[in-house]
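Colleague: please work out how this folds:
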Amino acid sequence: MNDQPLDGPDVPRGCPVAHGGAGDLTRLYGAEAALDPHGIYARLRKEYGAVAPILLEGDIPAWLVLGYRENRRVLDNPRQFSRDARIWRDWKEGRVEDSSPLIPMLGWRPDCVSQDGEPHRRLRGAVTDNLLTVAGRGIRRHVTHFANKQIDAFANGGKADLVSDYAEYLPMLVLTRLFGLPAGEGHNLAVSCAQVIKGGEDAVAHNDRIMRILGELADRKRAEPGADFTTGLIGHHAGLDEDEILSHLRLVLITAHITTSNLLARVLQLILTDTSRLAGLVSGQLNVSAVVEEVMWNTPPLAVLPGRFAATDLELGGHHIKEGDLLVLGLTAGNLDPDIRPDAGVSVQGNQSHLAFSGGAHECPGQNIGQAIIETAVDVLLHRLPGLRLAVTPDELTSTASTWEARLDSLPVEFAAQVAGA
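Modeller: Residues are numbered from 1 along each chain as shown. The predicted model follows:
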C-alpha cells in the first residue's frame, strides 16, 4: 500500500508524535529486529511499498527507504535530502535527548558527513587526500603483519573462531598503525566502536571514550608529527580546527573498522560455506574481489545507513515526506529489492552498482583501503592455515542485528595445527 494516509501534517499514521505512544509502527530495534531483520524488511515492503514508517530507539519516528531506486534518489539529491541533522524536526523540538543512543549515529558534528555543498567538499577533501596518502604507504604490509600476529595466537590449537579471533579486531589493529596510535589501544577502540553502532544505554559513554583517546592522539601528533593520517589532517591546507580534526578521526575510525570487520567476517563465511569458492581461492582460479562483490550485494556491512533529513516537503515512494523528517537508508533491503533483483540467486559478478558504499556526494571514500585489508587478510589466512574448514554446519551460524547492521556471531573453524617454531 503505497499511498499511506497521514494522521496529521507532519507524521505518518501510528507515529508516537501523532498519538502520544508507539502506535502500530514497526520498531527497527529490539528482540525481533535483532533476530529477523529480513523478515521485517519483507513485511514492511508488502505493507507500505518502497518507503515505510518505522520507529528507532526511544520510539523516534523515521522513514525506512526499502526500494533500490528510492535509495538512489535520496543519495543522489542532497538538496532534497540533507545530511545536516540540525534540520531534524524531532531533535529541534526536543523529542531526542543529547543522551539518546541515536545521537552518536545521527547527531550533527563538524565533519564532512554532516555537511552538504561547499563545507562538505572542503572537509571531505582533507579526508580523501590523507586516505590516499596512507594507502600509498604499504597498507598491505601492515595488514600482513597484524594478520600473522592474530593467527600466531591460535595457530597451534587447530581451531579458532574467525570472528572473535580474527575479523573482529584485525581492521582496528591496522587502523591504529595508520592513525599513529599504539597497537595496545586497538582492543578498547574496537569494543567501543561496536557499542556505538549497536546502540543501547552505553553507546554515548563508549563514544566519549573514543573521543578521549583521539583527543590525546591529536595532542601527541601536534607535538610529535609523523607519517600518519592524524598528522596529515592536522597539517592539511583546508585548515581544519580542533573539533573538525577530532570529528574526522572519529568518523574514519568507526566507519572503517565496523564496516571492514563485518565485511571480512561475511566474506570468510561465504568462502567457508561454499567449498567450491574455497577451492577456487586456494588454487588461484578465483579472486577474493569477486567474493567481496557478492557479499556487498547480499549482506552489506551496514544494513541501514543513517540518515538523511528532508529539506522540504516532497513525495517518495508514494508517501508524503515532510520537511525535517528523518529517513534511514535500507542498503540491504535496497540491494535485494525484487524490482531490480527478481531472482536474488542470480550471479552479480562484475556488477558494482550495489548500495553498500552509499552513493552520491557522500559515497565512502575509503573503499579501496577496506578492499585491500580484506583481500590481504583472506590471503594470509588461507596461506597460514592448511585444511581450513568450517567446524559446524552452515545453518548453525547465527547473526545478531542492531538498527544499523547484522553481525555474524561466530565462525568456528578447524585446520591442521601448526607446530610451534616450525
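Colleague: and Leu302, its phi and psi?
Modeller: In terms of degrees, to the nearest 10, the main-chain angles of Leu302 are phi -110, psi 120.
Colleague: tell me which stretches of the stretch 151-300 of the chain form helices.
Modeller: All helices of the stretch 151-300 of the chain, identified by DSSP state H, counting those that start in this stretch, fall at 170-179, 186-198, 203-223, 229-234, 242-272, 275-283, 288-298.
Colleague: can I get those in JSON lines with distance to Gly125?
Modeller: Heads up, the C-betas are built off the backbone N, CA and C, glycines and all. Output for those, formatted as JSON lines (distance: least, Cβ to Cβ, whole Å):
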{"stretch": "helix 170-179", "distance to Gly125": "18"}
{"stretch": "helix 186-198", "distance to Gly125": "25"}
{"stretch": "helix 203-223", "distance to Gly125": "19"}
{"stretch": "helix 229-234", "distance to Gly125": "11"}
{"stretch": "helix 242-272", "distance to Gly125": "11"}
{"stretch": "helix 275-283", "distance to Gly125": "37"}
{"stretch": "helix 288-298", "distance to Gly125": "26"}
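Colleague: right, and these - which one's nearest Trp63?
Modeller: Evaluated with Cβ to Cβ, the helices of the stretch 151-300 of the chain place helix 186-198 nearest to Trp63, the distance being 20.7 Å.
Colleague: show me where pLDDT drops low in the stretch 151-300 of the chain?
Modeller: By pLDDT under 70, the stretch 151-300 of the chain contains no weakly predicted segment.
Colleague: for the stretch 301-422 of the chain, that is, sorry about that
Modeller: Along the stretch 301-422 of the chain, the model assigns pLDDT under 70 to residues 419-422.
Colleague: so where do the helices sit in it?
Modeller: Using DSSP H, counting those that start in this stretch, the helices of the stretch 301-422 of the chain run over residues 331-335, 367-384.
Colleague: name the helices or strands packed onto the shortest one?
Modeller: The reference is to helix 331-335. helix 37-48, strand 60-65, helix 68-76, helix 288-298, strand 304-310 (3 or more Cβ pairs under 8 Å, 6 or more residues apart in numbering; DSSP states H and E).
Colleague: just the last one next, same as before
Modeller: In terms of contacts (3+ Cβ pairs under 8 Å, 6+ apart), helix 367-384 is packed against helix 117-135, helix 139-152, helix 170-179, helix 242-272, helix 275-283, helix 288-298.
Colleague: closest one to Ala203 among the helices and strands packed on helix 331-335?
Modeller: strand 304-310 (12.6 Å).
Colleague: ok now the closest one, how far from the chain's centre?
Modeller: Put simply, strand 304-310 sits 13 Å off its chain's centre (Cα atoms, centre = their mean, to the nearest Å).
Colleague: so what are the sheet partners of it and their directions?
Modeller: Strands that pair with strand 304-310, judged by DSSP bridges, come out as strand 81-82 (antiparallel), strand 326-330 (antiparallel).
Colleague: in CSV: those, plus distance to Pro119.
Modeller: As requested, these are exported to CSV (distance: least, Cβ to Cβ, whole Å):
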stretch, distance to Pro119
strand 81-82, 12
strand 326-330, 21
